[in-house]
Each structure stands twice: as C-alpha cells, then as structure tokens.
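*Asks:* coordinates only, sequence not included:
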C-alpha cells in the first residue's frame, strides 16, 4: 500500500485544566471534550526518499 486515506476527527474541549508539570516537561491535564461531526481528510503517500507527503 503506497497511499492511505484518513479522517482526522475533530473535538471541542469543554473544559481543560493543567495540573502539574512532569519530569519530561509535559503537563498532566484534566479535560472534558465532545466529539463533533467534523473532520479533515488526509492522504499520506509513501515516497522513495526519506520524506512523507501529507495532503488534505
């Protein structure tokens, strides 16, 4: 398979609380979100180089 098609689904954050910073410099969070019926269409294509082509 040289090309794949994906739907990147959307969500809406209803609540987002940043809790604490971790040792890896990311943060723990508490979040409430709702899925919505929206998405981006993505095509990912394999190439003969070390690069990947992503179009939407």
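*Replies:* It's in. If you're wondering where the values come from, they're calculated on a predicted model, not measured in any experiment. Numbering: from 1, shown residues only.
*Asks:* Please report how far the residue nearest to the spatial centre of the chain lies from residue 17.
*Replies:* With distances taken as C-alpha atoms, centre = their mean, residue 8 lies nearest the centre of the chain, 6.8 Å away. Residue 8 sits 25 Å away from residue 17, going by C-beta to C-beta, to the nearest Å. The way it works is simple: take the backbone N, C-alpha and C, and place the C-beta from them, glycine included.
*Asks:* Same check on residue 3?
*Replies:* Taking C-beta to C-beta, one finds residue 3 at 40 Å from residue 17.
*Asks:* just residue 40 next, same as before
*Replies:* 27 Å.
*Asks:* ditto for residue 4
*Replies:* Using C-beta to C-beta, residue 4 is found at 35 Å from residue 17.
*Asks:* Please name the bridge partners of residue 4.
*Replies:* Per DSSP bridges, the residues bridged to residue 4 are residue 44.
*Asks:* Can you spell out which helices and strands pack onto the host helix or strand of residue 38?
*Replies:* Using DSSP states H and E, residue 38 sits in strand 27-46. Of the remaining helices and strands, those touching strand 27-46 by 3 or more C-beta pairs under 8 Å, 6 or more residues apart in numbering; DSSP states H and E are strand 3-21, strand 52-55.
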